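1. Turn this into a model:
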Amino acid sequence: MKIKAIWTSLIALLVLSVLLLPSCQKAPINQEIPPDPFTTTWNLGDEGRTFSISGNSAGHTAGKETEFQLRLDNRSGDDPWQGEYCILLVDQDGIVKEVAHEHFDVPVGLETQKPVTVEFPGNFEGPLGLCVVIPQRASIITTLWVGTGRMGNAGPWPNIKTCPYYLTEEGSRELAEKFVRNSPTFKFDGNQVTLELVETLYPDIENAWQFIFHFESAHAGYGDRTGQVLAQVMTPHEAVITIEQGEIKNAVMDEKWDMIQQKQIDSSLPPPAPVPAAPNDSIVTARVIDIINTSGDFPWEMLVEIESSEDVPGYINATAHLIGEQITLKTMEDLSDIERDQVITANVKLEGDERIRFYSAANIE
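-> Down below sits the predicted model:
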C-alpha cells in the first residue's frame, strides 16, 4: 500500500508539472501584430552621404528589448565622415529616454552598420517615435507600436534637433569650442595652444549660454586666406559663441566677422534689440583680479571673482548664479585708483544684444 501511494503521488506531481510548464515558458512577442519591417533613410544632399535606421515597426513589448540596425553610408562621399549621433525614444511631449549617443568615423567609400538595442518602457502600450539625430545636421523619426494593438494617436512627434547632452552647459561649451576649432579662421592659422575659454555668460533664456574664447592666429584677417598676401603678425581674436537649445544661434569674432555666414558684419545695419528685454540689476561684492585700460564706450575692464550678489527691488538679478565664478566687468568709471585683490561693490547689469552680451558695472566703491 505504501509503494502504491508513492507511485500515485509521483504521477500526480508529473501531471501538475506538465500543466504548469506552458505558463513558465517565455511568451512570444505580440504574435497578434505582424512585425511590419521598415527602413527610414535620410540623404545629406550634395555630400553623397546617407544614414538610415531599420527594424520592425510593430510587435514590441513593454519592458522588453528589440534590436534595430543603424547604417551610415559614405560610399559616395569625398572625405572621411566623422561625427556623432544619438538615438532617442520620444512621445508627443518630448524625449522619453536616450537609447544611445556615439561618435562615428566612416572612411571614404565605405559604410558601417551598428546594432541598436531599445528597451521599451514598462506598463506602456501605444505609439512611440524612434528618433535618430545627427546634431546640427538632421534627424529622422519612425513610429513604433508597443503592445498588441495600434491604440492611440501616432504623433505629431516633436522636432528634435540635437542630443540631450547639448542641452547642458558642459555639452554646449564643448559644441562652442568645437565650432571655434573648426572655423576657417582658426583652421587656417590659429594657434592651438592659445585657445582658451575666458568667460561664460548666462542669458535669461532656458538652455542658453554664451561662451567667449580668446586665441591668436599667425596672420591678420579672417576666414580661409589661401592665396592671399598676408602680413605675418600674431593677431589676437575674441570669438563670442551663443548656444540656445543645443544649437549655435550666433557666432561673432572681434565684433567684425560673422563666423556662421563667413563674412564681414555690415555696420550700416540697425543695431539689434537689447538683450535681455527684462530690466536687470544687482549689487555685487567681488574681489578684483585684474584691471585693463581699454578704449571705446567702456574704457575700463575688471576681471573679478564674485563673492556675493544682492537683489535690487523691481529688477531681475542676472548675477545670482555667478557666486564663486570669475567674470569681466566693463565700466565707464575711472578705475585708476582700484588695486588688484581689492574687494569692491558695484551695481552690475547684463547688457548687449543677440550678437554679444556683457556685464557692466556702475557705482563702484
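2. In contact with Phe213, which residues are there?
-> By C-beta atoms under 8 Å, 6 or more residues apart in numbering, the contact set of Phe213 is Ala176, Glu177, Val180, Leu195, Glu196, Leu197, Val198, Glu238, Ala239, Val240, Ile241. (Each C-beta comes from the backbone N, C-alpha and C, glycine too.)
3. all strands in the stretch 51-200 of the chain, in order from the N-terminus.
-> Ranges of strands in the stretch 51-200 of the chain, per DSSP state E, counting those that start in this stretch, are 65-73, 81-91, 94-106, 111-119, 126-134, 138-146, 196-201.
4. Mean neighbour count, those: which tops it?
-> For the strands of the stretch 51-200 of the chain, the largest average neighbour count (mean count of other C-beta atoms under 10 Å) is found in strand 126-134, namely a mean of 22.
5. got the angle between it and strand 94-106?
-> Strand 126-134 and strand 94-106 are oriented at 40 degrees to each other (axes from the mean of the first three to the mean of the last three C-alpha atoms, to 10 degrees).
6. which residues are contacting strand 126-134?
-> 40, 42, 51, 53, 68, 70, 83-91, 96, 118, 120, 139-147, 150-155, 157, 160-163.
7. run the last query once more with 7 Å
-> Strand 126-134 has contacts (C-beta atoms under 7 Å, 6 or more residues apart in numbering) with 51, 53, 70, 83, 85-91, 96, 118, 139-147, 151-152, 154-155, 157, 160, 162-163.
8. Surely Pro203 touches Arg357?
-> Yes - with contact defined as C-beta atoms under 7 Å, Pro203 counts as touching Arg357 (6.3 Å).
9. From Ile212, how far out is Ala220?
-> 21 Å (C-beta to C-beta, to the nearest Å).
10. These two: who's more crowded?
-> Ile212 (20 against 14; other C-beta atoms under 10 Å).
11. quick one: that one from Thr168, how far?
-> Distance from Ile212 to Thr168, by C-beta to C-beta: 19 Å.
12. for Gly94, same thing?
-> 16 Å.
13. swap in Ile95?
-> For Ile95 relative to Thr168 (C-beta to C-beta), the value is 13 Å.
14. all helices for the chain, in order.
-> In the chain, the helices defined using DSSP state H lie at 2-24, 169-181, 184-189.
15. Determine the set of other helices and strands touching the shortest one.
-> Here helix 184-189 is seen to pack against strand 208-219 when contacts are counted using 3 or more C-beta pairs under 7 Å, 6 or more residues apart in numbering; DSSP states H and E.
16. What angle do helix 169-181 and the strand it packs on make with each other?
-> Using the same axes, to 10 degrees: strand 208-219 against helix 169-181 is 30 degrees.
17. Only the C-alpha atoms, please, for strand 208-219, written as CSV.
-> The C-alpha trace of strand 208-219 is given here as CSV (Å, rounded to 0.1, in the frame of the first residue of the first chain):
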residue,chain,number,x,y,z
ALA,A,208,21.2,79.1,-23.4
TRP,A,209,24.8,80.1,-22.8
GLN,A,210,27.3,82.5,-24.3
PHE,A,211,30.9,81.4,-24.4
ILE,A,212,33.8,83.8,-25.0
PHE,A,213,37.0,82.4,-26.4
HIS,A,214,40.4,84.0,-27.0
PHE,A,215,43.1,82.8,-29.3
GLU,A,216,45.9,84.0,-31.6
SER,A,217,46.5,83.5,-35.3
ALA,A,218,49.7,83.8,-37.2
HIS,A,219,48.4,86.3,-39.7
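18. Pull out the buried positions in that strand.
-> Ala208, Trp209, Gln210, Phe211, Ile212, Phe213, Phe215, Ser217, His219 (16 or more other C-beta atoms under 10 Å).
19. next one: stretch 338-345
-> Ile344, Thr345.
20. surely Trp157 meets Ile141?
-> Yes - using C-beta under 7 Å, Trp157 is in contact with Ile141, at 4.7 Å.
21. Overlap in contacts, these two.
-> With C-beta under 7 Å, 6+ apart, Trp157 and Ile141 have common neighbours Val90, Gly129.
22. The most centrally placed residue in the chain and Asp93, how far apart?
-> Against the mean C-alpha coordinate of the chain, by C-alpha atoms, centre = their mean, the closest residue is Tyr166 at 1.5 Å. Relative to Asp93, Tyr166 is positioned 20 Å away (C-beta to C-beta).
23. cool, and Gly221?
-> Going from Gly221 to Asp93 by C-beta to C-beta gives 48 Å.
24. and Gln228, what pLDDT?
-> Listed pLDDT for Gln228 reads 84.
25. ok, back up a step: format the buried residues of strand 208-219 as a markdown table; extra columns: distance to Leu128 and pLDDT.
-> Putting the buried residues of strand 208-219 into a markdown table (distance: C-beta to C-beta, whole Å; pLDDT from 0 to 100) gives the following:
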| residue | distance to Leu128 | pLDDT |
| --- | --- | --- |
| Ala208 | 29 | 91 |
| Trp209 | 31 | 93 |
| Gln210 | 35 | 94 |
| Phe211 | 35 | 95 |
| Ile212 | 40 | 95 |
| Phe213 | 39 | 96 |
| Phe215 | 44 | 95 |
| Ser217 | 48 | 93 |
| His219 | 53 | 90 |
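26. and of those residues, the nearest to Gln342?
-> Gln342 lies nearest to Ile212 out of those, by C-beta to C-beta, at 24.1 Å.
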